[in-house]
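[1] Next comes the sequence, and after it the predicted model I'd like to discuss.
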Amino acid sequence: QKEVEQNSGPLSVPEGAIASLNCTYSDRVSQSFFWYRQYSGKSPELIMSIYSNGDKEDGRFTAQLNKASQYVSLLIRDSQPSDSATYLCAVTNTGNQFYFGTGTSLTVIP
Amino acid sequence: GAVVSQHPSRVICKSGTSVKIECRSLDFQATTMFWYRQFPKKSLMLMATSNEGSKATYEQGVEKDKFLINHASLTLSTLTVTSAHPEDSSFYICSAKTSGRAPYNEQFFGPGTRLTVL
């Protein structure tokens, strides 16, 4: 079983809609959770960090963490074509090692 | 967020030559840096974890004699691809982990180096 699982997509949403990206992890005692955005041909960029259960909002982005269900999600409100990218979920364990998912490709259609 | 630089951004070399890539954390000290490789439309692949002042830890299947890593200071790690061959052509990305109190460490990526071996 992989440490971090994401649906590879592609996920397509119309401009202005809410994009919902999901991630599950296998280590129940994982401590930190991150979302990265990677544009084609570029390196990943950290967009959200979340450490405790619940929601964390930053602009149009909301990260949601449910440790009981071992599930972390990223919502993008009012999606824009510029949000089209691959989104990587990352999780750290108690040893502070980072594990990345394979990414979900998002396309926002104008 | 913290800033990580990488140099060069792009390199083209002949088969058999060695290429050195530098990774610097510009506004923070990084005891741990990571080196990744990514092929087109594929996932990030962790090559090695670099700890300042000690030997790097390589992932299974990564040849340590081919990919030499040096982390001599808290802000600089280098990756040298020795005797490069066309199959080594890839996008190499470094990252650095902030040294804050766990679990609040974050990992920031450099812009990457695109290596083409002719």
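    Yep, it's here.
[2] switch to C-alpha atoms for all contacts and neighbour counts from now on
    Noted.
[3] from memory A:Ser84 sits against A:Leu106, does it?
    Yes - using C-alpha atoms under 8 Å, A:Ser84 makes contact with A:Leu106 at a distance of 5.2 Å.
[4] do stretch B:42-59 and chain A meet at all?
    Yes - applying C-alpha under 8 Å from any C-alpha of the partner chain, one finds stretch B:42-59 touching chain A at B:Ser43, B:Leu44.
[5] Touching that stretch from outside, list them.
    A:100, A:102-103, B:30-38, B:62, B:64, B:69-74, B:77 (C-alpha atoms under 8 Å, 6 or more residues apart in numbering or on different chains).
[6] Could you turn the buried ones of those residues into a ChimeraX selection?
    Typed into ChimeraX, the line below selects the buried ones among the contacts of stretch B:42-59, using 16 or more other C-alpha atoms under 10 Å in any protein chain shown:
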select /A:100,102,103 /B:30,31,32,33,34,35,36,37,38,64,69,70,71,74,77
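[7] Quick check, pLDDT for B:Leu79.
    pLDDT for B:Leu79: 97.
[8] Near chain B, which residues of chain A are found?
    So far as C-alpha under 8 Å from any C-alpha goes, chain A lies against chain B at A:31-32, A:42-46, A:49, A:51, A:92, A:96, A:100, A:102-103.
[9] hmm, 6 Å instead?
    Within chain A, the positions lying close to chain B (C-alpha under 6 Å from any C-alpha of the partner chain) are A:Ser43, A:Thr102.
[10] Let's see which of the contacts of stretch B:42-59 end up in strands.
    A:100, B:32-38, B:69-73, B:77 (DSSP state E).
[11] Lowest-confidence entry in the residues you listed?
    Out of the ones in strands among the contacts of stretch B:42-59, that is B:Ala72, at 83.
[12] Okay, that one and chain A: tell me how far apart.
    Going from B:Ala72 to chain A by C-alpha to the nearest C-alpha, to the nearest Å gives 21 Å.
[13] give the contact list for that residue.
    B:Glu52, B:Gly53 (C-alpha atoms under 6 Å, 6 or more residues apart in numbering or on different chains).
[14] got it, and A:Asn53?
    Counted by C-alpha under 6 Å, 6+ apart, A:Asn53 has contacts A:Leu65, A:Asn66.
[15] now A:Val72
    A:Cys23, A:Gln64, A:Leu65.
[16] Can you check what pLDDT the model gives it?
    97.
[17] Is it located within a strand, as I assumed?
    Yes - membership of A:Val72 in a strand is supported by DSSP: H, G, I helix; E, B strand; the rest coil.
[18] The closest residue to it other than its chain neighbours bridge partners, please.
    Closest residue to A:Val72 apart from its sequence neighbours, by C-alpha to C-alpha, 6 or more residues apart in numbering or on different chains: A:Leu65 at 4.5 Å. Assessed by DSSP bridges, A:Leu65 has beta-bridge partners A:Gly54, A:Val72.
[19] How many residues are close by A:Leu65?
    Neighbours of A:Leu65 under the rule other C-alpha atoms under 10 Å in any protein chain shown: 22.
[20] swap in the one 5 residues further on?
    Residues within reach of A:Gln70, counting by other C-alpha under 10 Å, total 16.
[21] Contacts only, for it.
    So A:Gln70 contacts A:Thr24, A:Tyr25 (C-alpha under 6 Å, 6+ apart).
[22] Chain B versus that one, what's the distance?
    Distance from A:Gln70 to chain B, by C-alpha to the nearest C-alpha: 17 Å.
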